[in-house]
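Chemist: Take this sequence and fold it.
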Amino acid sequence: MKRTTNYIGALIFALCSSIALAEGGYWGATAGIMDFDFNGVDNPIGVGLRAGYSQISGWGLEAEYIDSLVGGETEVLGKAVDVDMYSLAGYVTYRSLGEIYIKGRLGLLYEDVSVGSESSDDFGISAGAGIGFVLGANSNIELEYTVLEKDVGLWSGAFTYRF
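Modeler: Numbers count the residues shown, from 1 in each chain. Below you'll find the predicted structure:
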């Protein structure tokens, strides 16, 4: 019986530690590949910043800005042109508890896509999912896939620091 009580106590302690790590404000950096679902497009590599706040329940809010660090390339009328994109988004997020956790996010996004000298911007809904790894009391790494629009996804990794 005492052994069972010790295991239950250790489990409660571990869960409480995970809960403590899950609450508070955070900021971070993200990088990834903007995956255009078109033939003949070399995808841009994007970098960005994110900031947010998560509650003990796992629910939170997150803002993210991403821009092309290395532009992609495609061919238009036999001529090579650059492909670039930037986005600004606000998300409602959910993170499960634990040292390794699942993350989901859903929000609104403003995007601007440039192909050569042509540019197009739009507002839309964005959704993503991923897995996170707690590195310490104040930091973690998240690997995610986010649908930026119906033809563009973002495969990314992020490092965040809690304050």
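Chemist: Mind listing what's buried along stretch 69-80?
Modeler: For stretch 69-80, a neighbour-count test (16 or more other CB atoms under 10 Å) marks 71-74 as buried. For glycine as for every other residue, the C-beta is placed from the backbone atoms N, C-alpha and C.
Chemist: List just the nearest of these to residue 127.
Modeler: Nearest to residue 127 among the buried residues of stretch 69-80, counting by CB to CB, is residue 72 at 22.5 Å.
Chemist: residue contacts, residue 84?
Modeler: 44, 67-68, 71-72, 113-114 (CB atoms under 8 Å, 6 or more residues apart in numbering).
Chemist: if we can go back for a sec, which of the buried residues of stretch 69-80 fall within strands?
Modeler: If you go by DSSP state E, the buried residues of stretch 69-80 have 72-74 in strands.
Chemist: Identify, from those residues, the entry nearest to residue 86.
Modeler: Scanning those for proximity to residue 86, where the rule is CB to CB, the winner is residue 72, at 12.8 Å.
Chemist: dump the residue contacts of the closest one.
Modeler: 34, 36, 41-44, 82-84.
Chemist: Quick one: the strands in the chain, in order.
Modeler: Going by DSSP E, the chain shows strands at 24-36, 45-54, 59-70, 72-76, 79-95, 100-115, 118-134, 139-149, 152-162.
Chemist: got those strands as CSV, with mean pLDDT columns?
Modeler: Converted to CSV, those look like this (pLDDT from 0 to 100):
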stretch, mean pLDDT
strand 24-36, 96
strand 45-54, 97
strand 59-70, 97
strand 72-76, 88
strand 79-95, 95
strand 100-115, 96
strand 118-134, 95
strand 139-149, 95
strand 152-162, 96
